[in-house]
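Undergrad: pasted the sequence and its predicted model underneath.
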Amino acid sequence: MSTHLAASEPFVWPEGVQAAASVTVNFAGESVEHRTMDLPLWGRNAHGRYGAQQGVYNLLDLFARYSVKATFFIGGWDAERYPKAMTAIDTAGHEIAGQGYLYEDFSQLSPDEQRMALELSDSAHERVFGRKPLGFRAPDRLMSRDTRALLAERGYRYDASYCDDDQPYAVDFDDQRLAELPIHEPWIDKLYYEKYRTARVVTDSFLDEFDATYAIGGLFSLAIHPRGDYGSGRGARVRALEPVLRSFQEHPRLWLATCGELADWVLR
Amino acid sequence: MKQWPNGVKCVVLITVDSDVTGNEIGKGLDPDGAHALGAYSAKRGLPRLLDIFARQQIPATVFFGGYDAEQSPELVQRIIAEGHEVAAHGYLHESWDVSLQEEDQLLRKTHEIITRIAGTPPLGWRSPGGQKSAQTLAVLRELGYLYDSSDKDYDGPYPAVVRGEPSDAMVEIPNITSTLDDYYMYDNGAASTDELLRLWKEEFDALYHTAGYFITTCHSRSGRGSGLPARARVLDRLIDHIKRYPDVQFSRLSDLARWCLDPAHGFMNPATRLGGRK
C-alpha cells in the first residue's frame, strides 16, 4: 500500500453538520510496562495500574457528566487483566475497539507477527466482551505499511492511527474497504504530559486545536489515557478536559460521534 | 548605518521546510501511522500555508528535498507559480553524516530534480539536519547557488565561507533556532499555539528594533509543525502582527541574497559590509 500524497475530495458530513469530533481513550494499562518488565510492577512502574483501577473510573464519571459516548482502544492483554474496568466501560455504553495484544510496536513486527497479535487481541475481546473489535488504533500509533491491509483482511472497519489528513477517508484493498479516522499529535494528552507540561497547557492546546479544526469542517479526535504518568485520569488533568467537552456542547453543528459511528458514515 | 532593500527597517523571511515523506523513508521507516506526518504536509499542511501566503500577499521560501519534489511535483510547481521560491533541502533529509562522495552526488541529484520540476534552478540550500561538510558550499557554488541558510550564528546575512574563505559570490542567510516552530516549541517544548504566537511576537519585536532581521522556519507537517489548522492560524496571526510595523519588507531568500551580492550595496566588501563576521 503506497502512501497517498494527494488531498482527498472535500468531505461531506451528514445534513446540518459543520464538523465532527470524537473522544478516544487509549487504555494502555500495565501492558505498557509488562512489555519490558516482569510482573509485579511496583512503585513508579505502576502507572498503567493507576489507569486501570482509578483513572478509568474518573474518566467514566466525567463522560457520564457530559453525556459523552467515547471510544476505548484496549489491548487484549489489558482487557483480560481488568474484568471489572471492562464491565464498567462496556455497560456505560462506550465503544470498545482494539489496540493489539500486549502493546506491541506494530512498526517492528512482520506481517505474520502482526496477524498473530491481532488474533490474540480479537480472541481476548471475544472472551471478555463477547465480540471482536471493529476498530483499531496501534499502540502509540506505530504501524507498518502492511498493517491497514491486515486489518481489512480480518474484517476491521476502521483504523484511527494515521496523521495524514484533516478528515476521515476510505482506503480500498482488494475486496475490502477500511475507513481511516486521522488523529494528530497535539490532540493527544501524552505528548504534553511526557514533556512535563501542565494541565493548563493541555486545555489551551485542545481548545484551540478544536476551534480551528471545527472552522475548516474537519474531524477533531481527542485522545487521552487513564494512566498515572502521561495520562488524564487524575485530579486536575481530568478537570482540564471539562472546558473541551463544554466547548463541544457549545457548537450545535458539531457531530460528537464514536469512531464506529464515523466509520459507518465513511463506509455508507 | 544599516542598509536594507528599499531602505526598510527590517527584512522578514518566512521559510517553510516542507519535509514530506522523505524524512521517514530516509530513516528506513514506513511513512505510516504516527510516521505519516509528512504525507500531511503534501496533502494539507503546505497547501494551507500557501493559501495563507496568497491571502496575505507575501513571498515565502519553501525548502524541498529531492525525493519529496519527485513525489509531489505539482506542489513544487504551485509554489513557483504563486511567486515563491523553492530551495533545496537534501535528497532524503539526510540529517546524518554522509561521505564526501555521496554528499556530492546527492547535492547534484537534488539540484537536477528541482531544476527539472520547477523549471528554474534552486538558488539556495538548507541542510536537513544543520550540518555541512568542508566541501558543501563549494559544490553548491559551482552549481550556481547564491546562498546557504543552514547556520545559526549571526543576526543577519554575511558572506558565506567557501573553502575557508569569505565568498564574494555566496551569502549565508542564517536561520535562528529560537524562531523555529518545532524544536523548542511544538516538538521538544510541547508548546500550545498561544505560547508560540507570544514567543514569535516577542522575538519579532526585539529583532525589529535591533538586528532588523527576522527569519522564521516553519514546518508544514502534522504534529510538530505549523500545518494543522490551529498552527497555520498562528503563522497567519504572526504575519498580521508583523504587518502592523512600519518599514518592513517580506522577502524571498534569493531576493535578499541578490541584494547582498549587488556590488552597488557594498555588502560583500569586507570594509563596508553590513554586520561583518565575528
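TA: Thanks, I have the structure now.

Undergrad: list the contacts for residue 68?
TA: Because you didn't say which chain, this covers chain A. The neighbours of A:V68, taking Cβ atoms under 8 Å, 6 or more residues apart in numbering or on different chains as the test, are A:23, A:62, A:245, A:248, A:256. The way it works is simple: take the backbone N, C-alpha and C, and place the C-beta from them, glycine included.

Undergrad: try chain B instead
TA: Going by Cβ under 8 Å, 6+ apart, B:D68 touches B:18-22, B:38, B:42.

Undergrad: rerun at 6 Å
TA: Applying Cβ atoms under 6 Å, 6 or more residues apart in numbering or on different chains, we find B:D68 in contact with B:20, B:22.

Undergrad: again with A:Y158
TA: Listed by Cβ under 6 Å, 6+ apart, the contact set of A:Y158 reads A:135, A:179, A:181, A:263.

Undergrad: from those residues, which is closest to B:L235?
TA: B:L235 has its nearest neighbour among the contacts of A:Y158 in A:L181, at 26.5 Å by Cβ to Cβ.

Undergrad: show the pLDDT at that closest one.
TA: On the pLDDT scale, A:L181 is placed at 98.

Undergrad: what's the burial count for it?
TA: Neighbourhood size, A:L181 [other Cβ atoms under 10 Å in any protein chain shown]: 27.

Undergrad: likewise B:D30?
TA: So B:D30, with other Cβ under 10 Å, has 20 neighbours.

Undergrad: doesn't it lie inside a strand?
TA: No: with DSSP: H, G, I helix; E, B strand; the rest coil as the criterion, B:D30 is located in coil rather than a strand.

Undergrad: so it versus chain A, what's the distance?
TA: Between B:D30 and chain A the distance is 4 Å, computed by Cβ to the nearest Cβ, to the nearest Å.

Undergrad: cool, and B:H35?
TA: B:H35 is 7 Å from chain A, where distance means Cβ to the nearest Cβ.

Undergrad: got the contacts of A:Y158 as JSON lines, with secondary structure columns?
TA: Formatted as JSON lines, the contacts of A:Y158 follow (three-state DSSP):
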{"residue": "A:G135", "secondary structure": "strand"}
{"residue": "A:A179", "secondary structure": "strand"}
{"residue": "A:L181", "secondary structure": "coil"}
{"residue": "A:A263", "secondary structure": "helix"}
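
Undergrad: and chain B, which of those residues contact it?
TA: Among the contacts of A:Y158, proximity to chain B is found for none (Cβ under 6 Å from any Cβ of the partner chain).

Undergrad: can I get these in TSV including distance to B:A206?
TA: Converted to TSV, these look like this (distance: Cβ to Cβ, whole Å):
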residue	distance to B:A206
A:G135	49
A:A179	48
A:L181	42
A:A263	49
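
Undergrad: and which of the residues you listed is nearest to chain B?
TA: A:L181 (12.5 Å; Cβ to the nearest Cβ).

Undergrad: now the closest one. Its backbone dihedrals?
TA: Here is the backbone geometry of A:L181 (degrees, to the nearest 10): phi -120, psi 100.

Undergrad: need the pLDDT of the closest residue in space to it that isn't next to it in sequence.
TA: Of all residues beyond its chain neighbours, the one nearest A:L181 is A:A160 (4.2 Å), with distances taken as Cβ to Cβ, 6 or more residues apart in numbering or on different chains. As predicted, A:A160 sits at a pLDDT of 98.

Undergrad: B:R44 reaches A:C163, doesn't it?
TA: No: assessed by Cβ atoms under 6 Å, B:R44 is found out of contact with A:C163, at 10.3 Å.

Undergrad: what stretches of the stretch 151-278 of chain B score poorly on pLDDT?
TA: Counting by pLDDT under 70, the stretch 151-278 of chain B contains low-confidence ranges at B:271-278.

Undergrad: strands of that one, residue ranges please.
TA: Under the criterion DSSP state E, counting those that start in this stretch, the stretch 151-278 of chain B contains strands at B:158-162, B:165-172, B:213-219, B:248-250.

Undergrad: how about the helices in the chain?
TA: Using chain A here. With helices called from DSSP state H, chain A shows them at A:31-34, A:47-50, A:56-65, A:76-81, A:83-91, A:111-129, A:147-153, A:189-193, A:199-215, A:235-239, A:242-249, A:259-266.

Undergrad: oops, chain B please
TA: For chain B, the helices defined by DSSP H occupy B:22-26, B:37-40, B:46-56, B:66-71, B:73-81, B:100-118, B:136-142, B:193-209, B:229-243, B:253-261.

Undergrad: deepest-packed of the ones you listed, please.
TA: helix B:37-40 (a mean of 29; mean count of other Cβ atoms under 10 Å in any protein chain shown).

Undergrad: return the residues of chain A in contact with chain B.
TA: Neighbours of chain B within chain A, by Cβ under 6 Å from any Cβ: A:3, A:5, A:7, A:138, A:141-145, A:161-166, A:184-185, A:191-192, A:195, A:197, A:201, A:204-205, A:208-209, A:212-213, A:216.

Undergrad: quick one, which of those are buried?
TA: A:3, A:5, A:138, A:141-145, A:161-166, A:184-185, A:191-192, A:197, A:201, A:204-205, A:208-209, A:212-213, A:216 (16 or more other Cβ atoms under 10 Å in any protein chain shown).

Undergrad: and the residue nearest to B:F250 when sequence neighbours are not counted, how many neighbours?
TA: Leaving aside its chain neighbours, B:F250 sits nearest to B:I58 (4.1 Å; criterion: Cβ to Cβ, 6+ apart). Here the number of neighbours of B:I58 (other Cβ under 10 Å) works out to 19.

Undergrad: relative to B:A87, how far out is B:I58?
TA: Using Cβ to Cβ, to the nearest Å, B:I58 is found at 17 Å from B:A87.

Undergrad: cool, and B:P174?
TA: Distance, B:P174 to B:A87, using Cβ to Cβ: 14 Å.

Undergrad: so for these two, which residue has more residues nearby?
TA: B:A87 (25 against 18).

Undergrad: distance of that one from B:G130?
TA: B:A87 is 15 Å from B:G130, by Cβ to Cβ.

Undergrad: can you list contacts of stretch B:15-28?
TA: Here stretch B:15-28 has contacts from A:3, B:31, B:35, B:38-39, B:41-42, B:46, B:49, B:61-65, B:67-68, B:92-93, B:217-221, using Cβ under 6 Å, 6+ apart.

Undergrad: which non-adjacent residue is nearest B:G66?
TA: Nearest to B:G66 is B:T110, by Cβ to Cβ, 6+ apart, at 3.2 Å.

Undergrad: tell me the pLDDT at that neighbour?
TA: As predicted, B:T110 sits at a pLDDT of 98.

Undergrad: next: A:H4.
TA: In this model, A:H4 is scored at 68, pLDDT.

Undergrad: so for B:T179, which of the helices of chain B sits nearest?
TA: Between B:T179 and the helices of chain B, the shortest gap by Cβ to Cβ is with helix B:193-209, which sits at 5.3 Å.

Undergrad: show me what the closest one is packed against.
TA: helix B:229-243 (3 or more Cβ pairs under 6 Å, 6 or more residues apart in numbering or on different chains; DSSP states H and E).

Undergrad: re the thing from before, measure the residue nearest to A:L181 to A:Y192 for me?
TA: To A:Y192, A:A160 is 20 Å away according to Cβ to Cβ.

Undergrad: any idea how many residues pack against A:Q108?
TA: As a burial measure, A:Q108 scores 11 neighbours (other Cβ under 10 Å).

Undergrad: tell me the contacts of it?
TA: By Cβ under 6 Å, 6+ apart, A:Q108 has no neighbours at all.

Undergrad: in chain A, where's the longest strand?
TA: Scanning chain A for the longest strand, with DSSP state E as the assignment, gives strand A:19-26.

Undergrad: could you dump that strand to CSV, C-alpha only?
TA: The C-alpha coordinates for strand A:19-26 follow below in CSV (Å, rounded to 0.1, in the frame of the first residue of the first chain):
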residue,chain,number,x,y,z
ALA,A,19,-17.6,19.3,11.7
ALA,A,20,-17.1,16.2,13.8
ALA,A,21,-15.4,15.3,17.0
SER,A,22,-14.7,12.1,18.8
VAL,A,23,-13.4,11.3,22.3
THR,A,24,-11.0,8.4,22.3
VAL,A,25,-9.3,6.7,25.2
ASN,A,26,-6.1,4.7,24.8
